[in-house]
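**Student:** Sequence unavailable; structure follows:
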């Protein structure tokens, strides 16, 4: 292995995450290409070390003890685009910062990603999580994902249908967890297309009947996220978070009836399968929690009850305790079990996605 690929030892990981929490990596390296990925995976295999992948660090919670084995941060940054009439095919490496990619597509007049502006993290994480916001999600425009298959060492393309995208999930998070490493993602956008205005918080910023430009919608999305402290801003007291901590639950008819017996008029959003999605933020507040509530160095954002904030001096253990407090409180008050959105690394057993205390 060349010296440029030789992993570093005992590298702090807190600075690699938006929460700024977590201990060090036993070994750490950045992946610049598919070839370097193969070399590094072989290095870890020959030493019997586990491998953990890290992207932009905006949706992960790393344990205070850090991570054993080899931590690989995906840093592939190549971008290509191909125009076919009104369709634009854009491919970006897993390490391309997501919002930078969105900004470039908007500036070029390519519609499809504008409502996903301001979301932190890297492009490679977006199909894994099926990232979404303000009426758009990655599933709307994703064409294919280039992956490294750890089962046979091959590099291949998975079409969108093969990714099995669902609400904030995919096959990469479920039945094939740990099998595939995303190298790049391809999207099909619309040249000269109209922006999406299907979300009230964004649409209210424009007068009725207005036909705003893509850049105007992007700025409206950024302003909306800024109001909720959902942008990475070192000056924001709520800045050290991983965004929405809990998923919006989707309930069947029986579960919804049980909830209505405990709380009047819960806001619901009908889904295609007949179930109903509910805002997790509403459930949290209805259960008695409030914006700005603190438990030591960890608390709920002063601007968004769905975000847990790590204030100076916080630990990952304290964040996990706060998450349990909120989840258990909602379950006790309303009978709804919230599931966390971030990925937890270096923790022990978990129940419904949240590591045990």
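**Tutor:** Ah, there it is. Quick caveat: nothing in here was measured; it's all calculated off a predicted structure. Numbering: from 1, shown residues only.

**Student:** Tell me, please, where in the chain the pLDDT is lower than the cut-off.
**Tutor:** Within the chain, the stretches with pLDDT under 70 are 1-4.

**Student:** Could you chop it up by domain?
**Tutor:** 8-74, 79-227, 250-355 (automatic domain parsing).

**Student:** Can you add mean neighbour count and distance to residue 235 and give the ones you listed back as CSV?
**Tutor:** C-beta here means a position set from N, CA and C on the backbone, and glycine is covered the same way. Shown next, in CSV, are those (neighbours: other C-beta atoms under 10 Å; distance: least, C-beta to C-beta, whole Å):
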stretch, mean neighbour count, distance to residue 235
domain 8-74, 19, 14
domain 79-227, 19, 11
domain 250-355, 17, 14
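
**Student:** could I get the ones you listed as a markdown table with distance to residue 243?
**Tutor:** Shown next, in a markdown table, are the domains of the chain (distance: least, C-beta to C-beta, whole Å):
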| stretch | distance to residue 243 |
| --- | --- |
| domain 8-74 | 7 |
| domain 79-227 | 7 |
| domain 250-355 | 6 |
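
**Student:** out of those domains, which comes closest to residue 237?
**Tutor:** Between residue 237 and those, the tightest spacing by C-beta to C-beta is seen for domain 250-355, at 6.9 Å.

**Student:** Distance from that closest one to the middle of the chain?
**Tutor:** Computed by C-alpha atoms, centre = their mean, to the nearest Å, the chain-centroid distance of domain 250-355 equals 16 Å.

**Student:** Would you work out how far apart the start and end of that domain are?
**Tutor:** Counting by C-alpha to C-alpha, to the nearest Å, you get 21 Å between the two ends of domain 250-355.

**Student:** rewinding a little: looking at the domains of the chain, which is closest to residue 238?
**Tutor:** Among the domains of the chain, domain 250-355 sits nearest to residue 238 (C-beta to C-beta), with 4.3 Å.

**Student:** residues near the closest residue to residue 239 other than its chain neighbours, how many?
**Tutor:** Of all residues not flanking residue 239 in the chain, residue 233 sits nearest, at 5.0 Å (C-beta to C-beta, 6 or more residues apart in numbering). For residue 233, the neighbour count with other C-beta atoms under 10 Å is 11.

**Student:** And the strands in the stretch 101-250 of the chain, which stretches?
**Tutor:** With DSSP state E, counting those that start in this stretch, the ranges of strands along the stretch 101-250 of the chain come out as 110-111, 132-133, 136-137, 142-149, 154-159, 180-191, 250-251.

**Student:** Export those strands to a markdown table and append columns for distance to residue 356.
**Tutor:** Below are these laid out as a markdown table (distance: least, C-beta to C-beta, whole Å):
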| stretch | distance to residue 356 |
| --- | --- |
| strand 110-111 | 44 |
| strand 132-133 | 29 |
| strand 136-137 | 30 |
| strand 142-149 | 31 |
| strand 154-159 | 33 |
| strand 180-191 | 27 |
| strand 250-251 | 24 |
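
**Student:** quick one, what contacts the residue nearest to residue 24 when sequence neighbours are not counted?
**Tutor:** If the residues on either side of it in the chain are set aside, residue 24 comes closest to residue 66, at 4.3 Å by C-beta to C-beta, 6+ apart. Applying C-beta atoms under 8 Å, 6 or more residues apart in numbering, we find residue 66 in contact with 13, 22-26, 346.

**Student:** Tell me the helices and strands packed up against the strand or helix carrying residue 332.
**Tutor:** Per DSSP states H and E: residue 332 is located in helix 316-334. Based on contacts counted as 3 or more C-beta pairs under 8 Å, 6 or more residues apart in numbering; DSSP states H and E, the elements that helix 316-334 packs against are strand 60-62, helix 253-262, helix 280-286, strand 294-295, strand 298-300, strand 308-310, strand 354-355.
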